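Asker: Model the structure of this input:
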Amino acid sequence: MAIKTTLRNEAFLNEVQSGSPQLVKQAQERMTSMVRLMVREGAVDRQVLVPEYITYSDLDRQVDTDVMVKIVDVEPNSPAAFSVGFGSASPMFWIAARRVRATFNRIKTNEALYDVELLGTWEMDIQEVIANNMIRDILAREDGGFFNAVNDFVGAADAINSVTQSVTYATIYGGYTRETLQEAAAVMLKSAYRLQPVTVVINTVTARRLMSLGREELGDDSAGRIFREGFSQWKFDNLNWVVTSKRHIVADDEMYFFADPRAVGKFYILNDTTTHLTVDGHDLRFYSSQTYSQVVVNVAGLAKVRFA
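Answerer: Next up is the predicted model:
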């Protein structure tokens, strides 16, 4: 085990076993900083909607509920809006509404229990391992909720969407070529609202398949640059490409297109991702939570394609 990791583990275990509330809080705050950074870097939905941090004073009181709510104005030409559901809840839709509710909910990871003395035998970085486990849980809930809501809206493949009166989930035949990629990017443009796609979300398998495209398909050496630099540095057809390893959320050969974040919706964070740490004798308990809301104010800014 590297000396640096050994020292980090010893310092962490000394803090949580010290019996000092201040040192335990210090360990908790350091874990919170690690987890927040990982969430910001790993959440796909945060590359589609720009998070905005708010306080309780920004909330709007309601006469019919104590649930935390913020009222959001909807663009006059928006065909519909929806708020993202949490857990087993379905998205809530508003058709041709002037304003909608952004409803806040708390998501939390499962609580993890560790024996402090057994942690002393670990050769891995204790804080990094625990943080990674919590990150996977938080991101699965956050990204999963967002993309489930998008899937509910776009509906069945190749069917006319009753809200936009156009196909919002299209099947593209012919494999990956310059022409079929242009056809995919044009799905959003075919609605009467004609919003321009800005961001595309694909998974790592689809990204690898796109890397097989040559100069004749792309018109330049984009494939070579992708191979050398990866998709994070790549723009094709003036679109930002976001690649995720979450194949259970974004399937192989699927692409999600999103318009400019300012046109698509709002992402409010009331309480940022926080790690909660308690020590009871030899038991060390961890979980993370966050309170946030997502609302799509213009569903015409969404499209999905599947390559067959």
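Asker: Next, count neighbours for residue 25.
Answerer: By the measure other CB atoms under 10 Å, the count of residues near residue 25 is 12. Bear in mind the C-beta positions are built from the backbone N, C-alpha and C, glycine included.
Asker: Assign a three-state SS to it, would you?
Answerer: helix (DSSP: H, G, I helix; E, B strand; the rest coil).
Asker: Now do it against residue 16, distance only.
Answerer: 11 Å (CB to CB, to the nearest Å).
Asker: Quick check: end-to-end length of stretch 10-25?
Answerer: 16 Å (CA to CA, to the nearest Å).
Asker: let me fix that: stretch 292-308
Answerer: Counting by CA to CA: the opening and closing residues of stretch 292-308 are 36 Å apart.
Asker: which of the residues in that stretch are buried?
Answerer: Within stretch 292-308, the residues scored as buried using 16 or more other CB atoms under 10 Å are 292-307.
Asker: Kindly state the pLDDT recorded for the closest residue to residue 288 other than its chain neighbours?
Answerer: Closest residue to residue 288 apart from its sequence neighbours, by CB to CB, 6 or more residues apart in numbering: residue 134 at 4.4 Å. Residue 134 carries a pLDDT value of 88.
Asker: before we move on, the earlier item: ok, the buried residues of stretch 292-308 vs residue 196, which is closest?
Answerer: residue 301 (9.1 Å; CB to CB).
Asker: got the contact list for the closest one?
Answerer: Counting by CB atoms under 8 Å, 6 or more residues apart in numbering, residue 301 touches 188, 195, 258-260, 263-265.
Asker: Dump the residues you listed into TSV; add distance to residue 211, pLDDT and neighbour count as well.
Answerer: Formatted as TSV, the contacts of residue 301 follow (distance: CB to CB, whole Å; pLDDT from 0 to 100; neighbours: other CB atoms under 10 Å):
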residue	distance to residue 211	pLDDT	neighbour count
188	24	95	26
195	28	91	20
258	22	97	27
259	26	96	21
260	27	94	14
263	30	89	18
264	28	91	23
265	31	91	29
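Asker: Any chance of JSON lines for these, columns secondary structure?
Answerer: Shown next, in JSON lines, are the contacts of residue 301 (three-state DSSP):
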{"residue": "188", "secondary structure": "helix"}
{"residue": "195", "secondary structure": "coil"}
{"residue": "258", "secondary structure": "strand"}
{"residue": "259", "secondary structure": "strand"}
{"residue": "260", "secondary structure": "coil"}
{"residue": "263", "secondary structure": "helix"}
{"residue": "264", "secondary structure": "helix"}
{"residue": "265", "secondary structure": "strand"}
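Asker: Not counting its own residues, what contacts the helix or strand containing residue 81?
Answerer: Using DSSP states H and E, residue 81 sits within strand 80-83. By CB under 8 Å, 6+ apart, the residues outside strand 80-83 that reach it are 72, 74, 91-97, 100-103, 149, 152-153, 163, 265, 293-299.
Asker: Swap in 10 Å and give it another go.
Answerer: 69, 72, 74-75, 89-105, 149-150, 152-153, 161-164, 265-266, 293-300, 302 (CB atoms under 10 Å, 6 or more residues apart in numbering).
Asker: out of those, which are buried?
Answerer: 69, 72, 74, 91, 93-94, 100-105, 149-150, 153, 161, 163-164, 265-266, 293-300, 302.
Asker: Return the subset of those lying in strands.
Answerer: Mapping those onto strands (DSSP state E) picks out 69, 72, 93-94, 100-103, 105, 265-266, 293-296, 302.
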